[in-house]
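S.K.: this one's sequence-less:
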């Protein structure tokens, strides 16, 4: 299996910084936002994004991990949790879902349901580092780091490295 590096850690950092500015500007500050990263791979990106937002807005936001597995339509064997894992209320807040790679939209759709266990947000925003296209659901990101035209069989990997994250495409 061959891998091609698409984004270096320096480019990923610059992209995350730009996306953080988009979040802050779109929400007229960061006061009303709640940041969520989709477990497993989206959480490190969400934490890096929270750091960027905190630097820009001089705030102390954290990124909450969001387990969407029980809410996926292709996993009917997994029951939704009886209680949310965090003591967080998102009622009347602007929820920002941070995803490393969006492909079919199924995970993002499940994330919408998963967030509703924390209350009724004012708005949902989807921020993605990499948009592959190929949607099966009518879900479009509000902010995109980079759009990559890929084949269905290819994989896009966001890999943590010593100096940040790199993005690879493999076949």
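M.R.: Yes, it's here. It should be emphasised that the depicted structure is a prediction, and the values quoted were computed from it without experimental measurement. Numbers count the residues shown, from 1 in each chain.
S.K.: Give me the residue ranges of the chain where confidence is low.
M.R.: Scanning the chain for pLDDT under 70 picks out 80, 83.
S.K.: Okay, strands next: where are they in it?
M.R.: 3-7, 33-38, 63-66, 94-102, 123-131, 143-147, 155-161, 164-170 (DSSP state E).
S.K.: Tell me the buried residues in the longest helix along the chain?
M.R.: Counting residues, the longest helix found in the chain (DSSP state H) is helix 9-26. Going by neighbour count (16 or more other C-beta atoms under 10 Å), the buried part of helix 9-26 is 9, 11-13, 15-17, 19-20, 22-24, 26. (Glycine included, C-beta is placed from N, CA and C.)
S.K.: Show me what that helix is packed up against.
M.R.: Judged by 3 or more C-beta pairs under 8 Å, 6 or more residues apart in numbering; DSSP states H and E, helix 9-26 is in contact with helix 42-57, strand 123-131, strand 143-147, strand 164-170.
S.K.: again, only using 6 Å
M.R.: Contacts defined by 3 or more C-beta pairs under 6 Å, 6 or more residues apart in numbering; DSSP states H and E place helix 9-26 against helix 42-57, strand 143-147, strand 164-170.
S.K.: Out of the ones you listed, which is the most enclosed?
M.R.: Comparing the helices and strands packed on helix 9-26 by mean neighbour count (mean count of other C-beta atoms under 10 Å), helix 42-57 comes out on top with a mean of 20.
S.K.: So what touches it?
M.R.: Applying C-beta atoms under 6 Å, 6 or more residues apart in numbering, the contact partners of helix 42-57 are 16-17, 20, 24, 30, 35, 37, 61-63, 65, 98-100, 129, 160.
S.K.: Just the buried ones out of the residues you listed, please.
M.R.: Neighbour-count burial (16+ other C-beta under 10 Å) applied to the contacts of helix 42-57 gives 16-17, 20, 24, 30, 35, 37, 61, 63, 98-100, 129.
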